[in-house]
Structure formats: structure tokens, C-alpha cells
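Asker: predicted model follows, preceded by the sequence.
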Amino acid sequence: MSTTAIAIISSISVGAYLMTVRMIPRLREMFMKANLCGRDLCKKDKPQVPESYGVIIGCVFLISMFLFIPIPFAFDKDAATDAVTGGKPATFPHDKFVELIAALLSICCMIFLGFADDVLDLRWRHKLLLPTIATLPLLMVYFVNYNSTTVMMPNFARGLFGTSVNIGILYYIFMGSLAVFCTNAINILAGINGLEVGQSIIIAGSVLAFNLIELSLGHQVESHQFSLYFMIPFFATSLALWKFNRYPSQVFVGDTYCYFAGMSFAVVGILGHFSKTLLLFFIPQILNFLYSTPQLFHFVPCPRHRLPKYDAKTDLLHISTTEFRINELGSLGRLMVKVLRTFRLISWQELPDGRVITNNFTLINFVLVIFGPVHERIATQMLMSFQLMCTLVALFIRYPLANYFYTVET
């Protein structure tokens, strides 16, 4: 049954890829007329590019999944329609059916809220609230179907806490926070051609590889099949978008795609029961968040846009900067800046009037601090290579290394 369902969703995904590739250029004028466009500031002529194309990708993904809804149950003997009454048997897996619908509802809500953000340009506090709202169907279904809030402890902590600990409502707070993080982490590490889609494709590929490894080992088979049902069409539609979003971008994805991608990952991580492993595939996004913390929480002045500066003469990207006076920062801000400067993680220029000029705290700018000005295409390739390298590290942590901390599979 599972092999047939995976083969069918793969076929649907191929169709979704072909449909997306045809739709993207055809809808360009429609988006331009609706004023859903922006200028590509990292090009000499600063062309106008249609944006918010994430809504198209999200819609094609949803259509693919809507067509797939009956498939996992059509080949399941426990879900087969009674030949006499025409009704469903008592063995019908309603819990799995509800999981599938709730997952699609959460993703659908996130696409809608992401598009609202693109159109209305919501504030950051709203960006934190929206994923929380969209995750509610997911958390409610998890509560009804499982309500398992037990966390297995690593070997070194079992002497104090035992084999496992029930953390209660904190588990739901963690899952809600996971959705908020996933949706915003991709959005924060963005701004140059192809980066949002590129990192999402690599994360999706990492999840697919992990699912296939787990299936081959016979671990949590149903959970990883569920993940494959979502990740295969997501990978296909994102690949089609990448064709037009990579350098030089013909379309921009907007916040809609970042939210859609993040919620898709959160859905499979939560309902697929591998949320800890999912976070391992977000190592670059976690590092970017930690590096950005001084500006995100305004311990250090944070301009509205932290994109690298473009030099039209050399066609290269340079670090974007922020200015401040050390004595104007709070004690925590001064400590953060001191630590970053000590480890040479930021640029530093002191002016005669006491002001300090340093780079904006993003992973993109950090690459430019380390390697100097580079072409936009090269910057994207470097960050995607780092993402891929982190996937290998994540798989190493998940398999050989995890055996030293856990005596049973988690």
C-alpha cells in the first residue's frame, strides 16, 4: 500500500512540477498589473520583478495534495468501503485521515497569512503571531490523537531524571515554537537571488533522505510515509520555482513562500515525530538566528533592511553596515558586541567622533566579512554549499553520534 501511494504522489508531483513551470511565466503580467512587484536592488539596471510568487507554488502544492487525499486509504484494506452497505468499516483509520486534513489546513492557513503579509506588510510582532495561529489545527489534532508529552532523556541525564520525563504543556509550547521558528528562520536568511528557495530545497531533500533511511531501517514506518507524502510534492514545486528564482531572478517568492515552506517542515516534523532531527537540518538557520539576535531584539541598532550593498561598478556584493555609539548601548548589547568582536565575527571601524561602524548581523554579511566582496551568484552558492554540508553533519549527529547518547531509537 505504501509503495503504491508513494509512487502515485511522485507521479502527481511530476505533474505539479510541469504545471508550475508553465504557470510561472504566464502569470507575470498579472502580478505586475496588481503591483505585486519590486526592484532587484542587486542588479545594475535594478529591474522590476514580480513578487509574492509563493502563493502560486502553495496553491499548486495544495491542489496536488487535495488530489492525493483518498490515495493512502484507497489501498488500505482496513479503510476499504463495505461492498454491501457502501459505508466505511469500524477499522477505518480516522486518526490518520484527520492528521492529513489538519496538516493541509495548517499549511493552507499559513499560505493565506503569508500572502496577507506580502500585501499588507505586517509588523514583526504579527509575523510571530501568524504561525502560532496557523499551527492550532495541528496541535489540537496532536492532542486528540496522541497527547504524548514524554521526552526521552539522554544517557548522562537518566541518573537524575530517569529514562523519560513528561513535560506536559511545555511540549505543546515547544511544538508551537518550532512552527514559529521554521517559518521565520527561512525568512530571516533571505534577500539574494535564489537563497530562500535554495535552502528550502536542500532542507526538503535532507528530510526525504532521512525518511528513506528510516523506512529502510523499519523505524516508525507510518510517520515517515506521512512525511514523504508532503515532502515529495513540496520538493517538486520548489524545484520548479528555483528554475525562475535563481540568479538572475525572474520572480521573487515573497514572505508567502517562506511561511509555506516553514509550515510544511513544521507539519512533517511534528506529525512525523522527528522534530529534534528536523532542527538538525536547520543548523544554518539556527546559526543565523543566534548571530542576528543582537539586532533582532534591538540590543544593537537594526535597520529595516539588512541586505548586502551592491556595487554597480564591480558587480559585487559588499557588507551592509550599521552605526552606533558604544556608550548608547545597554550592558547586554555591549557584552554581545564585545564577544562578537573578540572572536572576529564582525567587522569593526571606529570613527573620530566616537561612532562605530560594523556589518549587519546576518549570515549573508558574515560570508562577506570572511571572504570579502563576491558576486551575488557566488554568495548564494556558498550559502547553499554550507547548508548541504550541515545536512551531512546533521545525519552524522543523528546516526553514529546519537548512539552514544541514547540506548534506544528516538
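Answerer: Received it, and whenever you're ready, just let me know what you need. Numbering: from 1, shown residues only.
Asker: please parse the chain into its domains.
Answerer: The chain breaks down by automatic domain parsing into domains covering 2-281, 296-377.
Asker: just the ones you listed: most buried one?
Answerer: Neighbour counts (mean count of other Cβ atoms under 10 Å) averaged over each of those peak at domain 2-281, with a mean of 19. Any C-beta I mention is one placed from the backbone N, CA and C, and that applies to glycine too.
Asker: quick check: end-to-end length of that domain?
Answerer: Using Cα to Cα, to the nearest Å, the end-to-end distance of domain 2-281 comes out at 25 Å.
Asker: okay, strands next: where are they in the stretch 151-300 of the chain?
Answerer: 164-166 (DSSP state E, counting those that start in this stretch).
Asker: measure residue 164 to residue 150 for me?
Answerer: Separation of residue 164 from residue 150 (Cβ to Cβ, to the nearest Å): 5 Å.
Asker: what do you get for residue 106?
Answerer: Relative to residue 150, residue 106 is positioned 23 Å away (Cβ to Cβ).
Asker: same check on residue 104?
Answerer: 27 Å.
Asker: looking at the domains of the chain, which is nearest to residue 391?
Answerer: Closest approach to residue 391 among these (Cβ to Cβ): domain 2-281, 4.3 Å.
Asker: for the stretch 51-200 of the chain, which spans come out with low pLDDT?
Answerer: Scanning the stretch 51-200 of the chain for pLDDT under 70 picks out 76-90, 124, 155-157.
Asker: then the stretch 301-410 of the chain?
Answerer: Applying pLDDT under 70 to the stretch 301-410 of the chain flags residues 403-410.
Asker: show me the helices in it, by range?
Answerer: Applying DSSP state H, counting those that start in this stretch to the stretch 301-410 of the chain gives helices spanning 331-342, 363-371, 376-396.
Asker: keeping just the C-alphas, turn the shortest one into CSV.
Answerer: It stands for helix 363-371. Extracted in CSV, the C-alpha atoms of helix 363-371 (Å, rounded to 0.1, in the frame of the first residue of the first chain):
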residue,chain,number,x,y,z
LEU,A,363,24.9,35.1,7.8
ILE,A,364,25.0,36.6,4.3
ASN,A,365,27.0,39.6,5.6
PHE,A,366,29.2,37.2,7.7
VAL,A,367,30.2,35.4,4.5
LEU,A,368,31.2,38.8,3.0
VAL,A,369,33.2,39.6,6.2
ILE,A,370,35.1,36.4,5.9
PHE,A,371,35.6,36.2,2.1
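Asker: so which elements touch it?
Answerer: Applying 3 or more Cβ pairs under 8 Å, 6 or more residues apart in numbering; DSSP states H and E, we find helix 363-371 packed against helix 283-296, strand 355-359, helix 376-396.
Asker: and the angle for it with helix 376-396?
Answerer: 100 degrees (axes from the mean of the first three to the mean of the last three Cα atoms, to 10 degrees).
Asker: and the gap between residue 272 and residue 98?
Answerer: Distance, residue 272 to residue 98, by Cβ to Cβ: 15 Å.
Asker: if we can go back for a sec, turn the domains of the chain into TSV, columns for distance to residue 393.
Answerer: Shown next, in TSV, are these (distance: least, Cβ to Cβ, whole Å):
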stretch	distance to residue 393
domain 2-281	8
domain 296-377	16
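Asker: out of those, flag the one nearest residue 392.
Answerer: With distances scored as Cβ to Cβ, the stretch of these nearest to residue 392 is domain 2-281 (9.2 Å).
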